[in-house]
Structure formats: structure tokens, C-alpha cells
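>>> model the following, please.
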Amino acid sequence: MTHWAADGPPVIDDLEAEYWARQIRIGAAIGAGVTLLGAVHVAVDWPPALRWWALPTAAFALLQAVGLVLPWARFVRRRAIRTGLIAGWITHLPVLYLFASVDPHGRMLYVPGATLALVTVSALHSPRVVAGLGVAAVGGYLLLLPRLTATNLSYVGMVVVLMVSVVIVNAVNAQSRRRLDERRRSTEHRTELLLEASSDAVIAIGVGGDMRYVSPSAEALLGGGATAITPAGIGGLVHPDDLDRAVAWWQALQAAPAGHKGRTEARVRHPDGSWAFLDVIGTNRAEDPDLTAFVISLRDIGTRRALEEQLSRQAFTDPLTGLPNRALFRDRLEHAVARLRGGAVTVLLIDLDDFKLVNDNLGHSAGDELLTEIANRLRAQVRPADTLARLGGDEFAILVEDLDPAAAVVLAERLLHEVRRPTRLASRDIDTTLSIGIATSAGLADLSAEQLLRNADLAMYAAKRSGRNAYTVFEPAMYHSVLEEAQQRVDMERAIEQEQFVVLYQPVVDMHTSRLTAVEALVRWEHPRDGLLSPYTFIANAEANGLIVPLGRWVLRHACAQLAGWQRATPAAAGLVMNVNLSARQFQDAGLVADVAAAISDAGIAPGSLTLEITESMLVHDIDGAIETLYALRGLGVHLAIDDFGTGYSSLSYLKRLPVDIIKIDRSFVEQVDTDAGDTALVDAVVGLGQALRMRTVAEGIETDGQWARLREIGCDHGQGFLFGRPSNAEVVGQLLSETVEVG
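A predicted model of the protein is given here:
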């Protein structure tokens, strides 16, 4: 237990200071009243020679009366003053003693006067002070005994016993009061420690706006600003955007019935200058006599708010690009369609062409880098009020309002132009293109957000079918096309599984000897309902939906196996070469080299007996990646040919870098080679280029003797066309292997 000095604890709180002030004023009032009566008694009843004592007695009464108005609640906080009060109480005993010594009637006032002093002292000071004053009081009474007349010893004994009992009782009361004070202080200290350990700040504001209590944690939360949380000073701490709401909440709490709890959130300035998000709970305790205040609890919810914002961003924002995601885009689209019922709400659905190839060939990190770059380019082309979102993978969408169809087309053209600029990835330039579908709700009041997005999706796939790197505006007829394409995809998947496709072979001959040197594998579809279909009816769709890769793999394996069969059947096929076309998607597929190696190995043919044909257009999107793939194929030992040469966009400098063996001259230059001087000059230039680069040349589409003769004069090495043979099945080619083609 804590032991205090005679004047109490080193520091007293507001409650104890008020208690001391109240007890001192009570004692001063009683003392002033009694002393004033004594002054009147001296002035009236004492002998004239002694009546002058009335003046100092009255002055002493006045001095005590002055004590009624002094700010004792402030004075008693100082230990020296509390100690000095003990001397003040002790001086009452000599005054009583002197009065009783002079005035016979005053002797009967000594005991009650001393008792009153003891009671007053016991209310403030320690038991030791009470006991000391009690001993002095009993001693003073004993000193007065010789002056008492007709003293009865038994009476004196009873008075002494009563006085000692009064001293003991007051000392015990003083001790009990001290213990109660200790318990109260201990409870308050324990509460303070608990509040200090709590992250919540607790503030009590009196009915008049005075600060009744501020918990220690409020200092850490608000710094010196804690005392400013009052109706008058609240504006200095609360964020300006939250001030009106906070003031309204405070006024509602003041007007609410007793016990009402109100809750709000507000931003309050932190001691470091930042804004702290607080959860504020207020309770109206104004009518509680023990408190008469409004209790406010403040909790810092900044971490929780940050987590909520992070979760919101994760729920509605694409983490890679920082754009709105599909969920947020759908929400904004639904609101826009509902708000502008029948108005112009336009959606541009954007898909990166062949993005999967970037991931497969350069890795997902490069793919993410490309997506981020594309997102930045798209963002620079839209208005601040428009919504640009990444729906997932390589798919983006733009939501624009109040934009007519012509302006949407202009926007799509800007996007295509901007994205076509080469992007540097993994030390190489990548050409990227888009397929964009445009759909609008203008004039369609019953069109839902889901239907508008579906229309844009149909238009986007129509742009892909048209060759990509394009935009298409939605038309209702696209629904029929989509159904047809969906059915064809199902049919193609079944055809690949059931091997409904067949391979025909067109001869390639030596231009001078007419000897069969190679065949080109050409795929056809033996459709169970529509009969034999040419590649023009299904290749484009297969390219768009990705089925071209498994189909091309099947053609490659089938052609290699057929060549092996011919070589086993006849020695004439020993030097025969099989030409197989590669599609753009197949060439860009990461598993191409492994597929070719497996086809050669499983068929058991020499790698040099296989020629893979590619087009110029397959090289321009990523020339560095194309060269890397070509060298990997060349490393297997196969030959490489550029098909339809002259129709693409590759430069001669790139051609010199390619590990290509054969140039196939497109049929468009062969058609009038014997009649048009311009075509003759072009073919002559291509043949000369091939000779300079040590590449063999093959002319495609030869149908007449005149074409054949002119091409021989130019120096073309090989020829292919209906003049030498149409695409035929394996049995027909087998018969040609032992014959020499002679025409005319």
C-alpha cells in the first residue's frame, strides 16, 4: 500500500482538489461564524479594560471569512499549502485556550471547539495529524482544570475519556477515508492503464463544451489536438469534406435522449500532418449525475479502410494494367444502358491478334509487358469520361457515351494505327495488330447491356475472319454467320477426330526434263453431307478458331507417312521430295519444331526429303522470331521454301538473312508470262535473284505450253500446275513415279 505524507499524496486530481476546497470552506465558514459571535461577546460582556480584544477577534473572524472566496481548488494542488493548513488548524487550540482562560463562560466552549477542529482536520489530513491535534486538545483541557471551579474528578475523567474517544474515532475515520481514497486512486490508475493500452481514444465532453476527460491513447492518436474536439474547435481537426457531416452528427447526439448511441466516420488530422480515418461512437450521458457528459470513443480504422480499398481495387481493377476489370466494366455498361435508354451507348471490343504466340515464344513476362504497353497506348486515345477496361487475357473493351457510329469508326481507326507501331520486346521488334468489334445501342430502347456486349463480340470475330488488323461494325446478319461458323467448328472438330480430311498431291517437275521431283500435299475435306470441300471453304475459319494447328499437324504426319510408303513401294520414289504448307498459326506455334521432328522420325524418312512452305506475310510480324524458327527447322535437316513469292512485303535484306532453299513464284506472275513483257521481266528478276542467292525457283500455276516454254528460256528450275498434273490421290501419284512427264 502507498504511504503518503501528512498532507496527502504528492499529486491530487481535480476531484480531490474540489473535495479539499469544499472542506476548507466549510471549516472557514463555521470558524468565522463562531469567532464573530465571540467578538460580539467580548465587546458586550467583557470588562471595559479588556474589550479591545473584540477588534483582533473580529479581524480573525474576517480573515476566516476571506477563506470562503479563495480559489482553494488551485491552491491545494501545492503540497506546501496543504502542509501549511495543518498549522492553521493547530492555531485554533491556543485561541480557544486563551479565550477559556480569560472568560469563565468561554471555558465550556473549549471542548466543543476542539472537537469541531478535530472533525474538520480528520476530513482532510492523516490519522497522525488527527492524533497529534487530539493530544494537544486534551492537554489544553487538562491545563484549564486549575481554573475550573468545583472540579469533580469523576466529571473530569469522563470528559477526558470522551475527548480521547473523539480523537480515536476521528483518527479511524481519517484512516478509513485514506483507504477509500487509495482504492479509488488504484481503480482509476488501473482504468487509466487499460485505456492507455487500448488503441481506442476516449473523450468526455461536458454539456457546456468543456473537456471532462481525455484518455492517454488520445494523445497518440490526435496529439495536442485532442483538447480541440469540442463544438467550437472541431473544425480545426476534422477534414473539410467531412466537417458538415461531423457537425450534424454532434448536434444529433446532443439532441438525442439519454443513453443514445450514435456512430459515424470522419477523417481527422494526425499529429504528423496526415489524415487518420476514425470510427467515432458517441454516447449521450448528459443526464447521468456521475458524468453529465457526452462520451466519445475514437478508433483508428485507417488500416481497415486501406484493406477495404485494396480489396475493392482487386475486385474491380486489373492488377497488371491498372484498368477496370470485367466486373466493373459490366457494372458501368449496365448503368449507362439504363440511364441512356435508347441513347448512344457504344462498345468497342478489342482483341490482340495472335497474342498467344507471344506468350509461347517469348514467355509470359514478355506477354505481360506487351499487354501493359498496349493498355497505355489505348488509354492515350480515349476521353477521360470513357471507360477502358481489360476484360481478361488479351481482350480489352471501351465504353463510350454520346458517340455517333461515324465517330466510333474514327476511334477504331486511331486505335489500329496506334497499336501497329512496333513494340520492343526481348531485344526484338514485335508488330501487333488488333481486331475490333463495334456495337451501339442508338435507337434500340430494348437492348440490354448483355446484348450490346454480345453484339460487339460478334463484330470483333467478324473482324478476325476478315483478316484481322481491322474493325467491323455489328450488323444483325452476323447472328446467322456466327451460327454457321459455330456449326462448322463442331463439324471440323469431329472431322479431325474421325479423319474425314484427305490429302491430295500435285506434281512438281523439272522444267527441262519433265521428271517428277516433288509433290505438294494439299488438304481437302470429305464432308459427310456436303461432299469434297476445297480448302477455301474451311481454312480461314480453321485459322480463326485455332483448329488449323491440329489440322496442319495431321496433314504433316499423313504426308510424311505417305512419302515413306511410296519409297518402300518403288525405287523411283527414292529422291522424291514432299512439300507441305505451314499456316501462319502453325508457324507461330511453340511446338512446331517438335511436331516436325516427330513426323519425320515416326515416318522414318530422311529430313532432306521434306520441304516446308511458308508465305512472306508470315514473316513480317516478327522477323527476328521467324528467322529463329526457320533456323531451328533447318537444323532438323528439312528444306524451306517461300510460297507465293512476290505477293508479300518482305525486303530483300530480310530474304538474304533467311535460311531458305526455294523460291516459289506466284501464279499471278506466271499467268501472262508468255504474253506480257512486264510479267516476263518480273519473273526474270525473281529467277535472277534466286540464282544470285543460290536458291532454286519453282513457277506455280503453269497451264499452257507457252508458259512452260517461256519459263524454260528464263531459266526457272521447276514447275507446278495443271499442265503437269492436277492434285490427285496417292494411287495416281504412284503411277507417275516411274514415268517421265512429256507434254507436246
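>>> what sits opposite the closest residue to residue 275 other than its chain neighbours in the beta ladder?
Excluding the flanking residues, the one nearest residue 275 by CB to CB, 6 or more residues apart in numbering is residue 267, at 4.4 Å. For every residue, glycine as well, the C-beta is placed using N, CA and C. Beta bridges link residue 267 to residue 277, judged by DSSP bridges.
>>> got the contact list for residue 267?
The contact partners of residue 267, taken as CB atoms under 8 Å, 6 or more residues apart in numbering, are 238, 239, 241, 242, 275, 276, 277, 278.
>>> ok, residues contacting the strand or helix carrying the fourth one?
According to DSSP states H and E, residue 242 maps onto helix 240-255. With CB under 8 Å, 6+ apart as the test, helix 240-255 has contacts from 231, 234-235, 238, 260, 262, 264-267, 280, 282, 284, 286, 294.
>>> how close does the residue nearest to residue 275 get to residue 522?
73 Å (CB to CB, to the nearest Å).
>>> ditto for residue 370
Applying CB to CB to residue 370 and residue 522 gives a distance of 35 Å.
>>> how close does residue 207 get to residue 628?
83 Å.
>>> whoops, residue 347 was the one
According to CB to CB, residue 347 stands 38 Å off from residue 628.
>>> and those two? which has more neighbours close in?
The neighbour count for residue 347 versus residue 628, taken as other CB atoms under 10 Å, is higher for residue 347 (29 against 12).
>>> which ones are touching the more buried one?
333, 397, 398, 399, 438, 439, 440, 452, 453, 455, 456.
>>> now residue 559
503, 521, 578, 580.
>>> name the nearest of those residues relative to residue 328.
Proximity of the contacts of residue 559 to residue 328 (CB to CB) peaks at residue 580, which lies at 47.4 Å.
>>> how much space separates that closest one from residue 102?
142 Å.
>>> more neighbours: which of the two?
Counting neighbours by other CB under 10 Å for residue 580 and for residue 102 shows that residue 580 has the greater number, 25 against 15.
>>> doesn't that one belong to a helix?
No. Counting by DSSP: H, G, I helix; E, B strand; the rest coil, one finds residue 580 to be strand, located in no helix.
>>> residue contacts, it?
Counted by CB under 8 Å, 6+ apart, residue 580 has contacts 520, 521, 555, 556, 559, 560, 610, 611, 612, 613.
>>> how about the nearest residue to the fifth one, chain neighbours excluded?
Taking CB to CB, 6+ apart as the measure, residue 559 lies nearest to residue 521, with 3.9 Å between them; neighbours along the chain are not counted.
>>> repeat for residue 644
residue 666 (4.4 Å).
>>> contact partners of the helix or strand that contains residue 329?
According to DSSP H and E, residue 329 maps onto helix 326-339. Contacts to helix 326-339, defined as CB under 8 Å, 6+ apart, come from residues 315-317, 324, 345, 347, 387, 389, 391-392, 397, 399, 401, 441, 447-449, 452-453.
>>> same thing but 7 Å
Helix 326-339 is contacted by residues 315-316, 345, 347, 387, 389, 391-392, 397, 399, 401, 441, 448-449, 452-453 when judged by CB atoms under 7 Å, 6 or more residues apart in numbering.
>>> what does stretch 538-545 give?
Residues contacting stretch 538-545 (CB under 7 Å, 6+ apart): 464, 465, 485, 488, 489, 492, 525, 548, 551, 583, 584, 585.
>>> 6 Å instead, please
464, 465, 485, 488, 489, 525, 548, 551, 585 (CB atoms under 6 Å, 6 or more residues apart in numbering).
>>> same thing with stretch 506-524?
With CB under 6 Å, 6+ apart, stretch 506-524 has contacts from 501-505, 532, 535, 555, 559, 577, 579-580, 712, 716, 718-720, 724-725, 727, 733, 736, 740-742.
>>> of those residues, just the buried ones, ChimeraX syntax please.
For the buried members of the contacts of stretch 506-524, the matching ChimeraX selection, counting by 16 or more other CB atoms under 10 Å, is:
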select :501,503,504,505,555,559,577,579,580,716,718,719,720,724,725,727,733,736,741
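>>> tell me which of the contacts of stretch 506-524 fall in strands.
501, 502, 503, 504, 505, 532, 577, 579, 580, 718, 719 (DSSP state E).
>>> on that earlier part again, what's the closest of the contacts of residue 559 to residue 212?
residue 580 (91.9 Å).
>>> kindly state the beta-bridge partners for the closest one.
residue 521, residue 612.
>>> how near is it to residue 106?
Taking CB to CB, one finds residue 580 at 139 Å from residue 106.
>>> again with residue 595
Counting by CB to CB - residue 595 and residue 106 are separated by 129 Å.
>>> neighbours around residue 380, how many?
With other CB under 10 Å as criterion, residue 380 counts 10.
>>> er, residue 436 I mean
Neighbours of residue 436 (other CB under 10 Å): 28.
>>> tell me the secondary structure at it.
Per three-state DSSP, residue 436 ends up strand.
>>> for it, which non-adjacent residue is spatially closest?
residue 471 (3.9 Å).
>>> next one: the host helix or strand of that neighbour to chain centre, how far?
For residue 471, the element it lies in under DSSP H and E is strand 470-473. Here strand 470-473 is found 34 Å from its chain centre; the criterion is CA atoms, centre = their mean, to the nearest Å.
>>> that one: partners in the sheet, and parallel or antiparallel?
Counting by DSSP bridges, strand 470-473 is paired with strand 434-440 (parallel).
>>> what about the partner strand, distance to the chain center?
With CA atoms, centre = their mean, you get 29 Å for strand 434-440.
>>> which of the residues in whichever helix or strand comes after that strand are buried?
Sequence order places helix 449-465 as the next helix or strand after strand 434-440, per DSSP H and E. Neighbour counts over helix 449-465 (16+ other CB under 10 Å) mark 449, 452-465 as buried.
>>> give me the neighbour count for the nearest residue to residue 134 once chain neighbours are set aside.
Excluding the flanking residues, the one nearest residue 134 by CB to CB, 6+ apart is residue 167, at 2.9 Å. Look at residue 167: counted by other CB under 10 Å, it has 24 neighbours.
>>> tell me the pLDDT at residue 167?
pLDDT recorded at residue 167 is 82.
>>> tell me the SS of it?
Per three-state DSSP, residue 167 ends up helix.
>>> look up how far residue 155 lies from it.
In terms of CB to CB, residue 167 sits 19 Å off from residue 155.
>>> also residue 378?
113 Å.
>>> cool, and residue 472?
126 Å.
>>> do the same with residue 117
23 Å.
>>> swap in residue 404?
Going from residue 404 to residue 155 by CB to CB gives 121 Å.
>>> in the stretch 551-700 of the chain, which ranges drop under the pLDDT threshold?
For the stretch 551-700 of the chain, applying pLDDT under 70 flags the ranges 620-622, 646-654.
>>> show me the helices in it, by range?
584-588, 592-603, 623-636, 652-657, 667-670, 677-692 (DSSP state H, counting those that start in this stretch).
>>> closest one to residue 65 among those?
It's helix 623-636; of the helices of the stretch 551-700 of the chain, that one is closest to residue 65 (CB to CB) at 106.2 Å.
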